[in-house]
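# Need coordinates for the following:
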Amino acid sequence: MKTNNSLPLTLSIVTSEGSLPVIQCDSVNIIVRDSKKGKGGGSYTIHKNHAGSLFATASGTVTAFANGEKIFSSQLDEGFCSVENNLITVISAK
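Numbers count the residues shown, from 1 in each chain. The predicted structure is shown next:
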């Protein structure tokens, strides 16, 4: 895993097993949970200065990128994601 404090996003992942090391990146891709009607889910990418949001995540891969290169990838169970002021916090049962 690479970290670089000059990158604009901070990815923090917390699971039932504990917190993973914080990741500095410039984009994050995460899987969003479908609604009860099976609509609205899919892949969600977050970049610098993304609007604040809170959403349910589906089981799947969370991937962080820096300068177009994948620097982190992990399989997580469903949970929640919060985006605020370039801080992305993912909470998962893992």
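
# Stretch 20-40 spans what distance, first to last residue?
Using CA to CA, to the nearest Å, one end of stretch 20-40 lies 28 Å from the other.

# Show me where the chain dips below the pLDDT cut-off.
Residues of the chain meeting the criterion pLDDT under 70: 1-5.

# List the contacts of the residue with the largest distance to the centre of it.
Residue farthest from the centre of the chain, counting by CA atoms, centre = their mean, is residue 37 at 23.8 Å. Under the criterion of CB atoms under 8 Å, 6 or more residues apart in numbering, residue 37 has no neighbours. Heads up, the C-betas are built off the backbone N, CA and C, glycines and all.

# Am I right that residue 55 is in contact with residue 80?
Yes: counting by CB atoms under 8 Å, residue 55 does reach residue 80; the two are 7.1 Å apart.

# Pretty sure residue 89 sits against residue 57.
No: with contact defined as CB under 8 Å, residue 89 does not count as touching residue 57 (11.2 Å).

# Counting neighbours, go ahead and name the busier of these two.
Higher neighbour count among residue 89 and residue 57: residue 57, with 21 against 15, using other CB atoms under 10 Å.

# residue contacts, that one?
Residue 57 is in contact with 30, 31, 32, 33, 76, 78, 79, 80, 81, 90, 92, counting by CB under 8 Å, 6+ apart.
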